[in-house]
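Chemist: Turn this into a model:
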Amino acid sequence: MQTLAIIPARGGSKRIPRKNIRPFCGKPMIARSIEAALESGVFDAVVVSTDDEEIAAVAESCGALAPFRRPPELSNDHAATLPVIAHAIRWWEQNRAPVEFACCIYATAPFLRSEFLREGFWVLKEKTEAEFAFSVTSYAFPIFRAIQLGESGQVEMFWPENEMKRSQDLPEAWHDAGQFYWGRRDAFLERQGIFTARSYPVVLPRHLVQDIDTPEDWERAESMFQSI
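Modeler: Now for the predicted structure:
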């Protein structure tokens, strides 16, 4: 039974073209995720799921495997992550070996560190009831005092009852850090979602978390990376 790292990396990124292999602080972006996975020492193989020959070549030059090409129905703008991971697991089992654990690692996670991958693996193995373990971080501001803009542009609170409460008296809230998702083989193949009572967090510091969806995000991430 093997443990896989699976890195989804399709070629059709729209907002940042070719972002998975675009140079990020001197290396292709995907290289950062591959290096962290290899450095963790917990994977039997690091597999890149892609529909793109150039991405496959870059991934293999960085030490990963790209033994198949993702089918078109899993490579469009609407393809969800779980079916992509399930496809990779099924391919590996049909062509290589049975899978026990898998970890989806995003290609655009330059702040990923190997110790957090090891921690997620430990959580999944130690908690027998756990199906998933994934990266989370805390919101910088209490979300229970969040506001929205009404139809006329006026301010409205989502929870007006919290307006006069002190920030420190409100619950702390967390969000998906978008770096990795550990899971048992059957959970990836059978579940429709990850955010359940059988999932556990791997807590990351906020300074190691940055979504990269726009050119502005990219510039901010490079500045953060250089400062670290």
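Chemist: what's near enough to touch the most centrally placed residue in the chain?
Modeler: With distances taken as Cα atoms, centre = their mean, the residue of the chain nearest its centroid is Gln179 (3.1 Å). Shown in contact with Gln179 (Cβ atoms under 8 Å, 6 or more residues apart in numbering): 105-106, 109, 111-112, 116, 135, 204, 209. All C-beta spots, glycine's among them, are computed from the backbone N, C-alpha and C.
Chemist: Let me have those in TSV, extended by neighbour count, distance to Glu73 and secondary structure.
Modeler: Compiled in TSV, the contacts of Gln179 are given as follows (neighbours: other Cβ atoms under 10 Å; distance: Cβ to Cβ, whole Å; DSSP: H, G, I helix; E, B strand; the rest coil):
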residue	neighbour count	distance to Glu73	secondary structure
Ile105	28	22	strand
Tyr106	22	20	coil
Ala109	25	25	coil
Phe111	21	31	coil
Leu112	24	28	coil
Phe116	20	32	helix
Ser135	26	28	strand
Leu204	20	33	coil
Val209	19	31	coil
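Chemist: can you give me the helices for this protein?
Modeler: In the chain, the helices defined using DSSP state H lie at 29-40, 53-61, 81-95, 114-126, 185-190, 215-227.
Chemist: what about the residue nearest to the centre of the chain, distance to Arg69?
Modeler: The spacing between Gln179 and Arg69, counted by Cβ to Cβ, to the nearest Å, is 25 Å.
Chemist: again with Arg22
Modeler: Per Cβ to Cβ, Arg22 is found 21 Å from Arg69.
Chemist: Nearest residue to Ala221 in space, please, no chain neighbours.
Modeler: Excluding the flanking residues, the one nearest Ala221 by Cβ to Cβ, 6 or more residues apart in numbering is Gln210, at 4.7 Å.
Chemist: Assess the claim that the one you found and Asp217 are in contact.
Modeler: Yes. Between Gln210 and Asp217 there is a contact under Cβ atoms under 8 Å: 6.7 Å.
Chemist: Between those two, point out the one with more neighbours.
Modeler: Using other Cβ atoms under 10 Å as the criterion, Gln210 and Asp217 rank with Gln210 on top: 21 against 16.
Chemist: per-residue confidence at that one?
Modeler: pLDDT recorded at Gln210 is 92.
Chemist: Kindly report the same for Arg198.
Modeler: 94.
Chemist: can you give me phi and psi for it?
Modeler: The phi/psi pair for Arg198 (degrees, to the nearest 10) reads phi -100, psi 20.
Chemist: Scan the protein for its longest strand.
Modeler: Scanning the chain for the longest strand, with DSSP state E as the assignment, gives strand 174-184.
Chemist: So in that sheet, which strands flank it, and in what orientation?
Modeler: Strands adjacent to strand 174-184 in the sheet, as given by DSSP bridges, are strand 99-105 (antiparallel), strand 132-138 (antiparallel).
Chemist: measure the nearest residue to Asp51 once chain neighbours are set aside to Asn20 for me?
Modeler: Among residues not flanking Asp51 along the chain, Ser75 sits closest, at 3.9 Å (Cβ to Cβ, 6+ apart). For Ser75, the distance to Asn20 (Cβ to Cβ) stands at 12 Å.
Chemist: Which neighbours do the two have in common?
Modeler: Contacts common to Ser75 and Asn20, judged by Cβ under 8 Å, 6+ apart, are 10-11.
Chemist: the more surrounded of those two?
Modeler: Comparing Ser75 with Asn20 by neighbour count (other Cβ under 10 Å), the higher total belongs to Asn20, at 25 against 18.
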